[in-house]
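# Just need the structure, nothing else, for what follows:
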Amino acid sequence: MAVEAARSCRLPMSGHDVAGNGAGLPEPAVRVPTRVVAYREAEPRADSRALAVETPVNLVYGSVPYAVMMTTPADLEDFAYGFSLTEGIVESADEIRGVALESGREGEQGGVRLLVDLAPGRLREHLARRRALSGRTGCGVCGVEDLASLPVADMRAAPAIRVTVAAIERALSALSEAQVLNHETRAVHAAAWADLDGALVAVREDVGRHNALDKLIGALMRSGRDPATGFAVITSRCSFEMVEKAARLGAAVIVAISAPTSLALARARGHDMTLCAIARSDTLTVFCGGERLVMPG
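Prediction:
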């Protein structure tokens, strides 16, 4: 079953089109001329290469700027929803009344402004706790001023789901082909949601791994998908912020291509999540929550 975005019905997996982004916004990828040098050939060979676009995105709530994040300019409405949830600005999709995109103003280095219209009560709460955040590429803790301020998701009860190892294998095998932008650029991360059969429901890509996951979370929020109906797959390492974002969504199982950090494992245990990582075509490593996995046979 395909995820349906709030803005349209055309969101089977990836919500962006590498060829164009519309609305006068930057393209998610640009092609540039290059020269390929072979170590044992006298002359370089003319070629071209698609590069992932990295652009500053200013998230604005109630006319007040909140954060500037370096992102791939695609699926930005999803990003606004997911970022708002994982930053603790909203608790659900219905607290966002709308998202408007506009090109950056003169002198703003070609960026994009995301104008997020919050419900009045939620906006008042947000403005009362507002913090400044000047982002790198999806940095998860930029702007945090002390160790006590590191993000910790609400201790939501993880869904009592079971996931077969075969479903995880199926999702991993399908993920590479589903990464449209990465096929063009070889420079972006992906975050995907698979149903309990292992079929990919949605894939989001970005130069920042945190951004890719925020975009995925936003797509799931906007479609109303129940976190108990699947699991998350990420192509990056699993740092603690990735676990916290997944926990904020209410996901019980996260599968990472690369290894987790020690703090990510501690947070996953604290949230009663299943953390699988170093996921390859033939094996994966279970770090915690193995009781949710159903072995073959």
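# Kindly check the end-to-end length of stretch 220-233 for me.
End-to-end distance for stretch 220-233: 14 Å, by C-alpha to C-alpha, to the nearest Å.
# Also stretch 199-214?
Using C-alpha to C-alpha, one end of stretch 199-214 lies 20 Å from the other.
# now swap in stretch 75-94 and tell me
Stretch 75-94 has its terminal residues 19 Å apart, counting by C-alpha to C-alpha.
# chain center to it: distance?
Put simply, stretch 75-94 sits 11 Å off its chain's centre (C-alpha atoms, centre = their mean, to the nearest Å).
# T86: what's it in contact with?
P151, L213, D214, I217, E244, K245, R248, L249 (C-beta atoms under 8 Å, 6 or more residues apart in numbering). For the C-beta atoms, the positions are set from N, CA and C on the backbone; glycine is no exception.
# P65 versus the fifth one, what's the distance?
Put plainly, it is E244. To P65, E244 is 24 Å away according to C-beta to C-beta, to the nearest Å.
# who's more crowded, the two?
E244 (22 against 13; other C-beta atoms under 10 Å).
# which element is the most centrally placed residue in the chain on?
Nearest to the mean C-alpha position of the chain, counting by C-alpha atoms, centre = their mean, stands L213 at 1.7 Å. Assigned by DSSP states H and E, L213 belongs to helix 209-223.
# Counting by contacts, list what that helix packs against.
helix 76-86, strand 189-195, strand 200-206, strand 230-234, helix 240-249 (3 or more C-beta pairs under 8 Å, 6 or more residues apart in numbering; DSSP states H and E).
# Quickly compare the ones you listed and say which is most buried.
Most buried of these, by mean neighbour count (mean count of other C-beta atoms under 10 Å): strand 200-206, with a mean of 29.
# Could you check the angle that strand makes with strand 189-195?
Relative orientation of strand 200-206 versus strand 189-195 (axes from the mean of the first three to the mean of the last three C-alpha atoms, to 10 degrees): 170 degrees.
# quick one, strand 200-206 and strand 230-234 angle?
Counting by the same axes, to 10 degrees, strand 200-206 lies at 30 degrees to strand 230-234.
# partner strands of strand 200-206, parallel or antiparallel?
Strand 200-206 has the following strand partners under DSSP bridges: strand 189-195 (antiparallel).
# didn't P159 look like it was pressed against G230?
No: using C-beta atoms under 8 Å, P159 makes no contact with G230, being 9.8 Å away.
# can you map out the strands along the stretch 1-150 of the chain?
With strands called from DSSP state E, counting those that start in this stretch, the stretch 1-150 of the chain shows them at 29-36, 45-52, 55-61, 64-71, 96-103, 112-118, 133-134.
# Give me the distance between P28 and V165.
From P28 to V165 the distance is 34 Å (C-beta to C-beta).
# Settle it for me: which of those two has more neighbours?
The residue with more neighbours, out of P28 and V165, is P28; 28 against 15, by other C-beta under 10 Å.
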